[in-house]
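Peer 1: got a structure for you, letters missing:
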């Protein structure tokens, strides 16, 4: 072969003599292939810079624009849930008021009957111990 034993072939073209070593991949290249190797590395760096800049722009867009579709969806869900809760709370509120009115009316009727019994019993002096116990129990209820 044309190369002597002490010379190393170019890692890329294998024809030339590897005279320059790359610190990154530790391969030796001839002068022509060294330039091509550096150009390949520059293209890879350009791709990395492009990806970096794309990500940077995306992150800035997220910071600048807080109207992400997911955030809008969450706001709509929150509004719908709040409306449902308010509607149900209003319904239950009205139901409780109605029950209280009904109970109050029933309680007034019972109280009125008890008032008549007690008043009549006292006025007529027509009561016994069991009447007193019954009236007290009714008042406690």
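Peer 2: Looks like it arrived, so ask away. If you're wondering where the values come from, they're calculated on a predicted model, not measured in any experiment. Residues are numbered from 1 along each chain as shown.

Peer 1: which helix or strand contains the most centrally placed residue in the chain?
Peer 2: When CA atoms, centre = their mean is applied to the chain, the residue found nearest the centroid is residue 74 (7.8 Å). Assigning secondary structure by DSSP states H and E places residue 74 in helix 69-124.

Peer 1: quick one: residue 23 is in a helix?
Peer 2: No: assessed by DSSP: H, G, I helix; E, B strand; the rest coil, residue 23 does not belong to a helix; its assignment is coil.

Peer 1: what about it, how many neighbours?
Peer 2: When neighbours are defined as other CB atoms under 10 Å, residue 23 has 5 of them. To be clear about C-beta, it is placed using only N, CA and C from the backbone, and glycine gets the same treatment.

Peer 1: same check, this time on the one 4 residues further on
Peer 2: Other residues lying near residue 27 total 16 when counted by other CB under 10 Å.

Peer 1: surely it meets residue 13?
Peer 2: No: using CB atoms under 8 Å, residue 27 makes no contact with residue 13, being 11.7 Å away.

Peer 1: other SSEs contacting the helix holding residue 74?
Peer 2: In terms of contacts (3 or more CB pairs under 8 Å, 6 or more residues apart in numbering; DSSP states H and E), helix 69-124 is packed against helix 129-140.

Peer 1: now the helix it packs on, how far from the chain's geometric center?
Peer 2: 60 Å (CA atoms, centre = their mean, to the nearest Å).

Peer 1: shift numbering so it begins at 764
Peer 2: Okay, residue one is now 764; in that scheme the one you just asked about reads as helix 892-903.

Peer 1: now for that helix, which elements pack on it?
Peer 2: helix 832-887.

Peer 1: tilt between the helix it packs on and helix 892-903?
Peer 2: 160 degrees (axes from the mean of the first three to the mean of the last three CA atoms, to 10 degrees).

Peer 1: quick check: mean pLDDT across helix 832-887?
Peer 2: Helix 832-887 shows an average pLDDT of 91 in the prediction.

Peer 1: now it, how far from the chain's geometric center?
Peer 2: Worked out by CA atoms, centre = their mean, helix 832-887 lies 35 Å from the chain centre.
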